[in-house]
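1. sequence first, then the predicted structure, then my questions.
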Amino acid sequence: MLIFASMKYRMLTAEEMEIFDEDFKHFAIANGVSNEEWLEMNASNVELATKLVALFSDTVLQKVYEKVTFIEHRSPSSCLVFKLNEDKIDLISLSAKCDKVDLSTAESIHSALVDHPSEVMIFQSLKAYTKVREEEIHDMLTQGCVNSSEAFWLSLEKVLN
């Protein structure tokens, strides 16, 4: 028998569910729901079917968030790059001191740091998580952060040192 709690993250989109179709079938079977039972549930008990998809969505997103290490948020006036450690978040922040500096693309960040370094404020800080690590990552992604790379992080660290 399935036990449902409230959603931790979000429902996967239809496109995401298509990607994880085989995984969902295995998940349903592992939770005691055969393919025939799923088809019946989906047709006659939409609420229960939705709860099963919600449970699957949380499971998938939990695994994804556990693997996320670098995310960033860019705008013309700032670039925030986060390194998501087990127990704390490291931040490298770039802020434009004037409108002629654009920090929204890799090319414009490079140009700003090479051509107008005095117009870019850069610093590094760290903080402890205020929630469970994966929940905080979910919130940050919901607020507009996107995946980033270790290479980008390391290149910014070189600028700091």
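-> Everything's here; your move. Residues are numbered from 1 along each chain as shown.

2. can you pull out the low-pLDDT segments for the protein?
-> Applying pLDDT under 70 to the chain flags the ranges 1-5.

3. let me see the domain layout of it.
-> Using automatic domain parsing, the domain ranges for the chain come out as 14-67, 70-160.

4. find the residue at the geometric middle of the protein.
-> Against the mean C-alpha coordinate of the chain, by Cα atoms, centre = their mean, the closest residue is L141 at 4.2 Å.

5. helix, strand, or coil at it?
-> Secondary structure, DSSP: H, G, I helix; E, B strand; the rest coil: L141 is helix.

6. about what we covered before: nearest to K8, of the domains of the chain?
-> In terms of Cβ to Cβ, the element of the domains of the chain nearest to K8 is domain 14-67, at 4.7 Å. (C-beta placed from N, C-alpha, C; glycine too.)

7. could you check how far the closest one is from the centre of its chain?
-> Computed by Cα atoms, centre = their mean, to the nearest Å, the chain-centroid distance of domain 14-67 equals 21 Å.

8. in stretch 150-161, which residues are buried?
-> 152-153, 155-156 (16 or more other Cβ atoms under 10 Å).

9. identify all contacting residues around it.
-> Applying Cβ atoms under 8 Å, 6 or more residues apart in numbering, the contact partners of stretch 150-161 are 69-70, 72, 81, 83, 92, 94, 106, 113, 122-124.

10. of those, which is the most crowded?
-> Within these, neighbour counts (other Cβ atoms under 10 Å) peak at V81, which reaches 23 neighbours.
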